[in-house]
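1. Sequence and computational prediction follow.
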2 protein chains.
Amino acid sequence: MNVLLASTSTLYGGNYLEYLTEEISTLFDGVDEIIFIPFARPGGISHEEYTQKAAEFFAKIDIKVKGLHEFDDRVSAINSGKGYFTGGGNTFLLVKTLHEENLMEILKKNVESGKPYLGTSAGSNIGGINMKTTNDMPIVYPPSFDCMGLVPFNLNPHYLDPDPDLKHNGETRETRIREFLTQNDTKVIGLREGNWIRKIGDRISVEGSELTRIFEKGKEPYEIAAGSEL
Amino acid sequence: MNVLLASTSTLYGGNYLEYLTEEISTLFDGVDEIIFIPFARPGGISHEEYTQKAAEFFAKIDIKVKGLHEFDDRVSAINSGKGYFTGGGNTFLLVKTLHEENLMEILKKNVESGKPYLGTSAGSNIGGINMKTTNDMPIVYPPSFDCMGLVPFNLNPHYLDPDPDLKHNGETRETRIREFLTQNDTKVIGLREGNWIRKIGDRISVEGSELTRIFEKGKEPYEIAAGSEL
C-alpha cells in the first residue's frame, strides 16, 4: 500500500497542503490524475469549489484533479482512478455518504491494490478502523461507523494537548480518547497538526515535526518521535 | 412539564451541582426520592460511585437517590420514579444504553406527565430533539441519535467561544454548529457553562450568569440574556 494520512491540510499561517508538497509528490509519483472526494465538506463552499481548491494545489505538481461528485457512476470512477485524495470537513457526513453510495469498500479495495491514497483530517479518519475517535459533531447519522482500516488502528487528527489555563468543564481530548478505550480495545494515534502517518507496503510510520501521542487500553499514553514505526 | 437542563454539573472551582442548589430544590419541591441515571459515565468511576456522588449532593436537600443501574426492571423503576436526574459523561454511550433498553421513550413519557427532570451536560443533550449537537466523541454506535424532545430544539452544552489565540486548524464550536445547520433545520441553544434551560409548564426560558448564543438556519447567530423565553 501507498498511503499518507495527515492530521491537517493546512498549518497555522500556511497555505493549503503546502507543508506536505514533497511528501505528496512522492506519494503520487508517476500518477498524472487523481480523484478528489469532497463529501466531508458540509457547507461554506460547494463540492465544485472544494475540488477547485485541491486542483489548484495539485496543478503545481502537474497532477490533474477530478471531483468524485462529477461522476454519475461513482463506483466506476473509483475503480478507474489512479490515485485518491479525501479532504477534511465533517467525518459523519463523509462516512454516511461513502456508505450510502457503497463507496467505502470500493475505495478500500483500490487502495489495498496499491493505488496511492492521501487523506487529511476527516479523510485520514476513514483510513483507520472506524470513525469512533473523530472530533467532529454528529450532524448526520451514518449507517455505520466502520471505515477502511488501511492501518490497524484509529486516528485522532488535530490532536490537541490540554490547556491548563482553560476554566472550562468540557472533556479534554485525552479524556475523550481514554473514554473510547473503556469501550474499545483499539490503539489510537493522537496525531498533532504537522504530523502524518505514512504506509509504504507493510511499513507504517509516523512522520512530521511533532511528537505523536499513542493511546492503548490498559497503558498510560506515551509519546513517539517522528520516524517511529507503528 | 418541570425540567431543568444545565450546561454543566460543576463550575470552575466549584463543587458538584453546588451553583444549582436553589434551582434544584425548587425543581424537586415535594419529592423525597429520585432516580439517578448514571449511564453516560464511561470510565474512571463506576455507576455505584457516580450515583454516590449525586446522592451526596442530594442528601443536603433531603432527597434520596437511587441509581437506575440497581434495578433489574428498569422500565418499572422509571415508571415508579418521582423524579429523575441524568448526569454527564458521554452522550453516545448514554443514548445507546437508553435506546437499547427501551428507556428513552419511557423516561420521556414520565417527564411529559409532569415528573421533574434534571439533566447536566449529556443528561441535558437528551432533553433536546436529538444528540446531533453533542460535543462528545462517538465511542459507541447508538441505534438512533433521537432523544426525548422535552424542548423543541437542540442543545450544545459547554458552549465555548472561539479562542482567537489558538494556532490550531480544528473547527471552532460555532463552525461545527453552523455545519449542523447545513444538514438540519433545528434551532440550537449554545449553552455556556453557568447557564441552564428551565421549562415550567409550557414556558421555556434560559437562566444563569451568562448570555446564551442561539443558532438558527439562515440567520446569523445571536445572543439572548438570562431570563429570556425560548
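-> That came in fine, so what should we check first?

2. Need the residues that contact the helix ranked longest in chain A.
-> The helix that spans the most residues within chain A, counting by DSSP state H, is helix A:47-59. By C-beta atoms under 8 Å, 6 or more residues apart in numbering or on different chains, the residues outside helix A:47-59 that reach it are A:16-18, A:34, A:36, A:38-39, A:41, A:45, A:64-67, A:69-70, A:85, A:87. Yep, even glycine has a C-beta here, placed from its N, CA and C like the rest.

3. Could you pick out the buried ones from the residues you listed?
-> By neighbour count, with 16 or more other C-beta atoms under 10 Å in any protein chain shown, the contacts of helix A:47-59 hold A:L17, A:I34, A:F36, A:P38, A:F39, A:R41, A:V65, A:G67, A:H69, A:F85, A:G87 as buried.

4. next one: stretch A:75-93 to chain centre, how far?
-> 11 Å (C-alpha atoms, centre = their mean, to the nearest Å).

5. got it, and stretch A:19-37?
-> Its chain's C-alpha centre lies 15 Å from the corresponding centre of stretch A:19-37 when counted by C-alpha atoms, centre = their mean.

6. what does stretch A:58-67 give?
-> The chain centroid and the centroid of stretch A:58-67 are separated by 19 Å under C-alpha atoms, centre = their mean.

7. mind listing the helices for chain A?
-> Using DSSP H, the helices found in chain A span residues A:21-27, A:47-59, A:74-80, A:91-100, A:104-112, A:122-125, A:173-183.

8. Comparing those helices, which comes out most buried?
-> Taking mean count of other C-beta atoms under 10 Å in any protein chain shown as the contact definition, the stretch among the helices of chain A with the greatest mean neighbour count is helix A:122-125, which reaches a mean of 29.

9. wait, does that one contact chain B?
-> No - with C-beta under 8 Å from any C-beta of the partner chain as the criterion, chain B is not reached by helix A:122-125; the gap is at least 10.4 Å.

10. One more: stretch A:103-118?
-> No - against chain B, stretch A:103-118 shows no contacts by C-beta under 8 Å from any C-beta, the least distance being 15.0 Å.

11. ok, and what's touching that stretch?
-> A:1-4, A:6, A:24, A:27-28, A:31, A:34, A:37, A:68, A:74-75, A:78-79, A:81-86, A:95, A:97-98, A:126-127, A:146-150.

12. How about stretch A:67-82?
-> With C-beta under 8 Å, 6+ apart as the contact definition, stretch A:67-82 has outside contacts at A:31-39, A:47-48, A:50-51, A:66, A:84, A:101-103, A:106-107, A:110, A:115.

13. rewinding a little: for the helices of chain A, could you give me JSON lines that also reports distance to B:R173?
-> Formatted as JSON lines, the helices of chain A follow (distance: least, C-beta to C-beta, whole Å):
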{"stretch": "helix A:21-27", "distance to B:R173": "31"}
{"stretch": "helix A:47-59", "distance to B:R173": "22"}
{"stretch": "helix A:74-80", "distance to B:R173": "33"}
{"stretch": "helix A:91-100", "distance to B:R173": "16"}
{"stretch": "helix A:104-112", "distance to B:R173": "28"}
{"stretch": "helix A:122-125", "distance to B:R173": "17"}
{"stretch": "helix A:173-183", "distance to B:R173": "14"}
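
14. would you turn these into JSON lines with mean pLDDT?
-> Output for the helices of chain A, formatted as JSON lines (pLDDT from 0 to 100):
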{"stretch": "helix A:21-27", "mean pLDDT": "98"}
{"stretch": "helix A:47-59", "mean pLDDT": "97"}
{"stretch": "helix A:74-80", "mean pLDDT": "98"}
{"stretch": "helix A:91-100", "mean pLDDT": "98"}
{"stretch": "helix A:104-112", "mean pLDDT": "98"}
{"stretch": "helix A:122-125", "mean pLDDT": "98"}
{"stretch": "helix A:173-183", "mean pLDDT": "95"}
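
15. coming back round to it: just the ones of the contacts of helix A:47-59 in strands?
-> A:I34, A:F36, A:K64, A:V65, A:K66, A:G67, A:F85 (DSSP state E).
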